[in-house]
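Engineer: Starting from these lines, generate the structure:
(chains A and B)
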There are 2 protein chains.
Amino acid sequence: MYPILQKVDSPADIKKLAIDELNLLAVDIREALFNRLTKIGGHCGPNFGSVEAEIALHFVFNSPQDKFVFDVSHQSYAHKMITGRKLGYIDDSKFQEDSGYTNPEESEHDLFNVGHTSTSISLATGLAKARDLAHKKENVIAFIGDGSLSGGEALEALNYAGSELNSNFIIIVNDNEMCIAENHGGIYKNLKELRDSRGKCEKNFFKALGFDYYYEENGNDIASLIKIFSRVKDVNHPVVVHIHTLKGKGYKPAETDKEAWHWCAPFDRETGKSTVDWGNGESYESLTTNYLLEKAKQDPKLLVITPAMPASVGLYPEARKSLGSQYTDVGIAEEQAIAMASGAAKYGAKPVVVTNATFLQRSYDQMAQDTAINNNAIAVILNYSGFQILRDVTHLGIFINSIYSNIPNVRVLAPTNKAEYLAMISYAIDQNDHPTIVLMPGNGVIDDGRMADKNYSEVKFKTEIAGEKVALIALGDFYQLGENFVQEIQKKLGFTPTLINPRFASDIDTETLDKLKENHKLVITLEDGIVEGGFGVKVANYLSDSDLKVKVLGFEKKFFDRYNPDEFLKDQGITAENILELCSKI
Amino acid sequence: MYPILQKVDSPADIKKLAIDELNLLAVDIREALFNRLTKIGGHCGPNFGSVEAEIALHFVFNSPQDKFVFDVSHQSYAHKMITGRKLGYIDDSKFQEDSGYTNPEESEHDLFNVGHTSTSISLATGLAKARDLAHKKENVIAFIGDGSLSGGEALEALNYAGSELNSNFIIIVNDNEMCIAENHGGIYKNLKELRDSRGKCEKNFFKALGFDYYYEENGNDIASLIKIFSRVKDVNHPVVVHIHTLKGKGYKPAETDKEAWHWCAPFDRETGKSTVDWGNGESYESLTTNYLLEKAKQDPKLLVITPAMPASVGLYPEARKSLGSQYTDVGIAEEQAIAMASGAAKYGAKPVVVTNATFLQRSYDQMAQDTAINNNAIAVILNYSGFQILRDVTHLGIFINSIYSNIPNVRVLAPTNKAEYLAMISYAIDQNDHPTIVLMPGNGVIDDGRMADKNYSEVKFKTEIAGEKVALIALGDFYQLGENFVQEIQKKLGFTPTLINPRFASDIDTETLDKLKENHKLVITLEDGIVEGGFGVKVANYLSDSDLKVKVLGFEKKFFDRYNPDEFLKDQGITAENILELCSKI
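Structural biologist: Numbering: from 1, shown residues only, chains lettered A, B, ... in the order given. As a prediction, this is how the structure comes out:
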């Protein structure tokens, strides 16, 4: 197995190979991709499509003296195999040693932990400028594709690099005709014009910004790539090399349905079917899609906006088609998504932005300035907040509340079951009160019969169990933990504590908190996010000069990486034992 | 005075005027600008340069049915005069009624409170999309200039609008050849090529993104502008109208030194000299510049990066020239500034980003992902944090700590006097510990003889006065308030409280806090920012299950606008009376 790859331990090893052998290395790398991806999943199409490019890069350039920065780095698997980490792909016992993104702790060939899009060019300008200051001459290469060009950071960096760097700077635009879903935006239309004219058409986005420009149609042909990379090696000015590749290259299902195979769960290579049992129950994603489709039919004012991740929130191609002009994908461009929503709300539409928690943080200023200062009542539905689902250091959802709950006028709603989720998204879309974020639960659809209020204009906590001595205020995804802890306290300590569903992550209900002073000694807050800047500290602060003691439970302010969810809760002290100990001390 | 302007109460009034009269109206508007700007200051060059364009816009289009969105809206004074607000310019007693930015509370002709750059196109796409959903046909017009095109939000919006809107959408690019300082970036070089070729050169950034494109050389000629705006009125697709204007037009000093006159303090029209007595003592801006210039000479690794606001932090043209290749201005592009700094730090340079607090919030994701996850030890020096200096709702510095103190690995340092400020910026630039933000004090240079530590690797609060009963923890700019309160307590209550200079806004020193439990009953924290998500709640949270009570003093989570600083502190309860009352209750 992997006859050529077996012989490759570092980039030096591939520089000795002839083109034939490099082509065979590509075969080996694809086999290794199959081995890992069929068994543990990961980014699929982007990696299959860029095997040849990464071989050619390492053949032509000299990493780590020459610096590669892979955008998102979700397509860097071939690079990782070439730079000493092939066991993470061919040895099943070593899968966990490889992070799935570039990671400086793994190798000197990786310069940055990267996971968000559109950062490579900007990071690379820093390397290039520092290199110039040090009077060095290494090549600096940013490798960017999969729709990442439309993100504000990438565009700011293109504007800068095209005119302010007068030294070696190479951007490889890996054009596989796709974003995560289909591409949206003028840049991508221009890429098509450039592909159609083999790089020769008059309209050229990159030249307009001051770049020298090269086009390579055969972006999956190692010999062609070596030729063009050799031409730009050691150039003394900023250059864009636009290569046309096939996303998913080498695996028919991935070549055919590029969106579905951008990322994959473990699958059967023969059939292309996922080997994970997803059950056939409902999910919050499907509930969301169904709600939006129904709402769109009834209300012509509804406008669904996604920044390039529609399927991750349940909006598969059919749903998008059904929404028609009531749907728009702005591409990877969270700033545009939020500010556009604010503009639409001002006109009287009912915009709802649906995306992932970790990416919304790119639009802090748009939420604060464009939206919240104007108090335009946009709705935002966020998937993957909390600690459960995305556990890579670059994709954590545990910061979202520390960011957005501290912006004036912004409401963050944290539902605790299906009825409440549906009521909250319905309220968020129809209201005229505030910009309102609803956190899609991450702990499975819970249909426990608890009814939900329809209106969330006023900040009111909901006391679900009126008890004594201790009050548990259990936010959103941690509400069920709160229920468990109540039972433990009843069983082990013989009293019934109060259980509160606060519903609002961004605000406190002082009336409810004041009442607790009557017959409680301790308040414990529980939240699925970091403590600092979060919900519980608002409670602690309000009660800090009273006799009521408060213990805020949540997570440390830290970048966690690839943890086991159960162990994580234990490490963070969110256990029945800890709660019982706190309660027994009062 | 103002013979034509006196007759204008709404846009309808100018539609009856002949070209001659419109030209006279421009004269009146400039006189009105002089009246306001010489007396209370404000944005100067941008307003003088866009008088004709705004007259022509209101002549051709029908606001408020047609929608104008002014970028930054610092150049909207002519628009404001035309839309019923001339008294804010010609009647000295009414100056305060006009906000200096667009403001929906003032007029239906203003759609958004705007003050940050690069938002107009994005907000306008929302208006346009909502208009299309409502099957309406009004014109939507974004008016953008002064370097705002290079901001990520504007670029994301251009990418979207150029291809995804198939309906009326008009962008006026008000090209006055300037940013705030000189322009930087490929877009601006392209604007020059377009100007030089009268819009005809092959390289065209806007066409590459899918826009129809028009050029007008005479951007200060009303007749020419009316002609070109009439051509694009009611177009059924996205179009860019590139107009060439003269920044500062009509006032020689402003036409000559465009950077200095972008914004002005009250001035004498005859001499162009500021009528404000600035004193001739040192400022934190000049201390910063002097430090950086000296450091650059000694250390070739220093790299100073500004996102387009160099003078606002003391980096005037001469200082920039002196820094040479150790200085780079990335244009209005905070995302690029921070990510580039991270890249440069990775290479081994010593990057320092110097800008204003309110604008850094555009780079949350770059600070978190590009920088903090990688723990690249960049330095950031921020001017205008806190409540004192910038008091427009769109430019408040009081949120900075609630944003950045909750990102793992990021250190926020809050100096309390000159020695500490210089020690902290020196540490921040030379260290390899963490991304480190230093908040430039906003309360004047205080040289009180207190010495500063050189190293801030470890989080340690500094106990300046060891007292009893009450501990005041007074952060940064509020340290001197803390000193005053100590004296009041001594005088009125007869004991000496402890006074702590925490120095770190992002972290707490638990050892110092634990020691307070021995002989203190109350901790009062003081900070120059909003309470929620800030410094004091970290203290309150840490002590929330102890017997030590905590009172966190700072500001409400609210967008304040144009307040009187002294009244503001009273309103927010930050007074000696309040402190004495809190202390007398223990």
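Engineer: Point me to the residue of the stretch 151-300 of chain A nearest chain B.
Structural biologist: Nearest residue of the stretch 151-300 of chain A to chain B: residue A:152, at 2.2 Å (Cβ to the nearest Cβ). C-beta coordinates here come from the backbone N, C-alpha and C atoms, glycine included.
Engineer: Spit out the contact partners of the nearest residue in space to that residue that is not next to it in sequence.
Structural biologist: In space, and not counting its chain neighbours, residue A:152 is closest to residue B:152: 2.2 Å by Cβ to Cβ, 6 or more residues apart in numbering or on different chains. Counting by Cβ atoms under 8 Å, 6 or more residues apart in numbering or on different chains, residue B:152 touches A:151, A:152, A:153, A:155, A:156, A:335, B:118, B:333, B:335, B:336, B:362.
Engineer: now with 10 Å?
Structural biologist: Each residue near residue B:152 by Cβ atoms under 10 Å, 6 or more residues apart in numbering or on different chains is listed here: A:118, A:122, A:151-157, A:159, A:333-336, A:362, A:365-366, B:118, B:122, B:332-336, B:362-363, B:366.
Engineer: need the helices for the stretch 351-500 of chain A, in chain order.
Structural biologist: Along the stretch 351-500 of chain A, counting by DSSP state H, counting those that start in this stretch, helices occupy A:357-360, A:364-365, A:400-404, A:418-430, A:479-493.
Engineer: Counting neighbours, what do you get for the residue of the stretch 201-350 of chain A found nearest chain B?
Structural biologist: Taking Cβ to the nearest Cβ, chain B has its nearest neighbour within the stretch 201-350 of chain A at residue A:343, 2.2 Å off. Residue A:343: 36 surrounding residues under other Cβ atoms under 10 Å in any protein chain shown.
Engineer: Looks like residue A:459 contacts residue A:513 (just checking).
Structural biologist: No: here residue A:459 does not reach residue A:513: they are 11.2 Å apart, not a contact under Cβ atoms under 10 Å.
Engineer: neighbour-wise, which of the two wins?
Structural biologist: Neighbours were counted for residue A:459 and for residue A:513 using other Cβ under 10 Å; residue A:513 has more, 23 against 16.
Engineer: Quick one: residues contacting that one.
Structural biologist: Residues near residue A:513 by Cβ under 10 Å, 6+ apart: A:461, A:471, A:473, A:500, A:502, A:520, A:523, A:538-539, A:542-543, A:546, A:548, A:550.
Engineer: Of those residues, which is the nearest to residue B:347?
Structural biologist: residue A:538 (41.0 Å; Cβ to Cβ).
Engineer: so the closest one makes contact with residue A:532?
Structural biologist: No: between residue A:538 and residue A:532 there is no contact under Cβ under 10 Å: 11.6 Å.
Engineer: Give the residues shared as contacts by those two.
Structural biologist: Joint contacts of residue A:538 and residue A:532 (Cβ under 10 Å, 6+ apart) are A:552, B:533, B:537, B:541.
Engineer: The closest residue to the first one other than its chain neighbours: how many residues sit nearby?
Structural biologist: Among residues not flanking residue A:552 along the chain, residue A:536 sits closest, at 3.4 Å (Cβ to Cβ, 6+ apart). For residue A:536, the neighbour count with other Cβ under 10 Å is 29.
Engineer: so how far is residue A:147 from residue A:263?
Structural biologist: Between residue A:263 and residue A:147 the computed distance is 13 Å (Cβ to Cβ, to the nearest Å).
Engineer: oh sorry, the question was meant for residue A:548
Structural biologist: Using Cβ to Cβ, residue A:548 is found at 51 Å from residue A:147.
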